[in-house]
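Trainee: Please work out how this folds:
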Amino acid sequence: MENDFKNEGKKLNKVRIAWNKGIPMSENAKKKLSISNSGHKHTEKAKRAINIAHSGKKLSKKTKKRMSESKTGNKNPMFGKKGYLHPRCKARVICNGYVHILMPEHPNCEKKGYVSEHRFVVEKLIGRFLKKTEPVHHINNKKQDNRIENLMLFKTNSEHITFHVKLKQFGITNPVLKQIEKRWDGAIPDINRMEINMLSRKFDELLKNIRNNNDYK
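Mentor: Next up, the predicted model:
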């Protein structure tokens, strides 16, 4: 295998020099070449040939300096594009099973400008920003199901942990059901009866699915 690799290198070294080597290209020619090569992918054989052709090649200090200057500061196309400004930054991502949405203007966003979608959904409903000590629970245990009828707000982490312990030990009992049904009492200042009725109907449908799927058993 190594001999074949060396033989290929010898063959490539014998290839004659291109007729246009050293001749500067016009801007128009460069543009045409760029368009023709866009989306082009090299075959494994071509990649290997390029690797052999460039193996052992050393760049002069002048060339290294020019390459460095062409990609530093304002000349770099990615200059200043960090976090949510980065072109590869997605508007909606999944991290640790939870959905995060890009909201750099949010006061509680992460360094990269993301906010937990389930927390933002609750914030929209109650009309204020959540404190870091206020956890949001997913009723059906599905972290990516961020419908408001599937979310439940707790005042402290200890209350959230106690609720999980009850579910694991006893399942969905009547006291737990009452706690879920009254989860928005006092939390929503201005909510009309139509919204409350709509939430209760959606909650009943959700509860049926939970019992049918036995998510807590």
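Trainee: drop to CA atoms for contacts and neighbour counts, all remaining ones
Mentor: Noted.
Trainee: Quickly list what the residue nearest the centre of the chain is bridged to.
Mentor: Closest to where the C-alpha atoms of the chain average out (C-alpha atoms, centre = their mean) is Val93, at 3.1 Å. Taking DSSP bridges as the rule, Val93 bridges to His100.
Trainee: So it is in contact with Ile101, correct?
Mentor: Yes - if you go by C-alpha atoms under 8 Å, Val93 and Ile101 touch, sitting 6.5 Å apart.
Trainee: Quick check: the residue nearest to the centre of the chain vs Thr133, distance?
Mentor: 23 Å (C-alpha to C-alpha, to the nearest Å).
Trainee: Where in this structure is the helix or strand with the lowest mean pLDDT?
Mentor: Ranked by mean pLDDT, DSSP states H and E, the weakest helix or strand in the chain is helix 2-13, scoring a mean of 51.
Trainee: can you give me how far whatever helix or strand comes next after it is from the chain middle?
Mentor: The helix or strand immediately downstream of helix 2-13 is helix 27-37, counting by DSSP states H and E. Relative to its chain's centre, helix 27-37 lies at 34 Å (C-alpha atoms, centre = their mean, to the nearest Å).
Trainee: Equivalent analysis for stretch 131-151, please.
Mentor: Mean-position distance between stretch 131-151 and its chain equals 19 Å (C-alpha atoms, centre = their mean).
Trainee: first to last residue in that stretch, what's the distance?
Mentor: This stretch, stretch 131-151, spans 16 Å end to end (C-alpha to C-alpha).
Trainee: Check stretch 137-154 too.
Mentor: End-to-end distance of stretch 137-154 (C-alpha to C-alpha): 8 Å.
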